[in-house]
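Trainee: Return atomic coordinates for the entry below.
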Amino acid sequence: MEYRPLGKTGLNVSVLGLGTMTWGLQNTQEEGFAQMDMALERGINFFDTAEMYAIPPSAETYGSTERIIGNWFASRGCRERVILATKIAGPGLDWIRDGQNRVDRKNILAAVEGSLQRLQTDYIDLYQIHWPNRPNYHFGRTWTFSPKIDAERERGEFVEVLETFQELIDQGKIRHVGVSNESAWGLMTWLDLAKQLGLPRMVSIQNEYSLLCRIFEPDLSEIALAEECGLLAWSPLCRGMLSGKYLNGARPEGARLTIETRPEHRLHPKTDAAIEAYIALARKHELDPCQMALAFVRSRPFVTSVLIGATTMEQLHSNIGSHDLVLSEAVLQGIAAIFRENPQPF
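Mentor: Residues are numbered from 1 along each chain as shown. Down below sits the predicted model:
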């Protein structure tokens, strides 16, 4: 297994990280345990979760994934072998802290305590902001996003958050901090304030990135490299769509999009066309389409870890197997040609 630096922390995380959000709904605790066992055995030392998981989010599933991970730690006694990341939810979910879940001092303190209890651990290696308080272009809002921002107010809120993180670091409850679903302005503001005020520095940014979603390029990728704040790429298979299992309106029983309760903005004829092109390219070169997609994300120099998720052990085994795949120049040229024709299909 390849390991890459997590920012400037001195920690090295596996280039494939284990995504966990299906545990507690699509997957049972027993299945989650089996996935963690396999991942650890294959050299994966980075697990990513969030207080709001399992997904699709609901009051009934809130916190269930963290509980499963905590029970696994208690069962296996291997907490020190895992670099553990979790997240505080941003605003918008009315079942989290009575719907008052902005990212601020009060909510951070409550969220960290809740996560520590569910995870049955004394510390969190990487504590992340799941999404910003301010409006953002993620989760299907790319086409309609029109920034309206009070920069002075936002900076003041950022300082409060960083000061709270410093307290928690001093207490040993969290070790490092990161952002998720952020913008170029947001990431640079976090980094600048940390430098100016001597407060904790964001060590990573967890945004969506896949063959079908490359809006991280070019600006955020440049920041990730220049500032040593690498990408933790979520949904590298675009919710499993790059496997082709949802083409032509198919909805396999129990699959993610089959049970999803929220509108899926990624479903579009242009998306299907792009998926078909990538699958054809993989088959031309006798590659598994999912492994090709994961190998591409892993090959990007601004990526720290590719967060793989699976609902079956067969899927997880195949996803981990992508680690050994190095894409040829012919495949990379084929991907570039398809991307030129399908730069943003959803």
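
Trainee: which parts of stretch 166-180 are buried?
Mentor: Buried residues in stretch 166-180, defined by neighbour count with 16 or more other Cβ atoms under 10 Å: 166, 168, 169, 173, 174, 175, 176, 177, 178, 179, 180. Where you see a C-beta, it was placed from the backbone N, CA and C, and this is true even at glycine.

Trainee: To clarify, my last question referred to stretch 103-120.
Mentor: Using 16+ other Cβ under 10 Å as the burial criterion, the residues of stretch 103-120 that qualify are 103-104, 107-108, 110-112, 114-116, 118-120.

Trainee: just how off-centre is that stretch within its chain?
Mentor: Computed by Cα atoms, centre = their mean, to the nearest Å, the chain-centroid distance of stretch 103-120 equals 19 Å.

Trainee: Need the contact partners of that stretch.
Mentor: The contact list for stretch 103-120 (Cβ atoms under 8 Å, 6 or more residues apart in numbering) reads 49, 51, 63, 66-67, 69-71, 73-74, 84, 86, 88-91, 97, 100-101, 122-124, 127, 129, 132-133, 157, 160-161, 163-165, 168, 173-174.

Trainee: at 7 Å what do you get?
Mentor: Here stretch 103-120 makes contact (Cβ atoms under 7 Å, 6 or more residues apart in numbering) with 51, 63, 66-67, 69-70, 73-74, 86, 88, 90, 97, 101, 122, 124, 127, 129, 133, 157, 160-161, 164, 168, 173-174.

Trainee: Of those, which qualify as buried by neighbour count?
Mentor: 51, 63, 66-67, 69-70, 73, 86, 88, 90, 97, 101, 124, 127, 129, 133, 157, 161, 164, 168, 173-174.

Trainee: From these, which land in helices?
Mentor: Cross-referencing these against helices under DSSP state H gives 66, 67, 69, 70, 73, 157, 161, 164, 168.

Trainee: List the residues that contact the closest residue to residue 290 other than its chain neighbours.
Mentor: In space, and not counting its chain neighbours, residue 290 is closest to residue 243: 5.3 Å by Cβ to Cβ, 6 or more residues apart in numbering. Going by Cβ under 7 Å, 6+ apart, residue 243 touches 237, 289, 290.

Trainee: 10 Å - rerun?
Mentor: Residue 243 makes contact with 237, 252, 255, 275, 279, 288, 289, 290, 293, 315, 318, according to Cβ atoms under 10 Å, 6 or more residues apart in numbering.

Trainee: doesn't residue 250 make contact with residue 240?
Mentor: No - in this structure residue 240 lies outside contact range of residue 250 using Cβ atoms under 10 Å: 11.4 Å.
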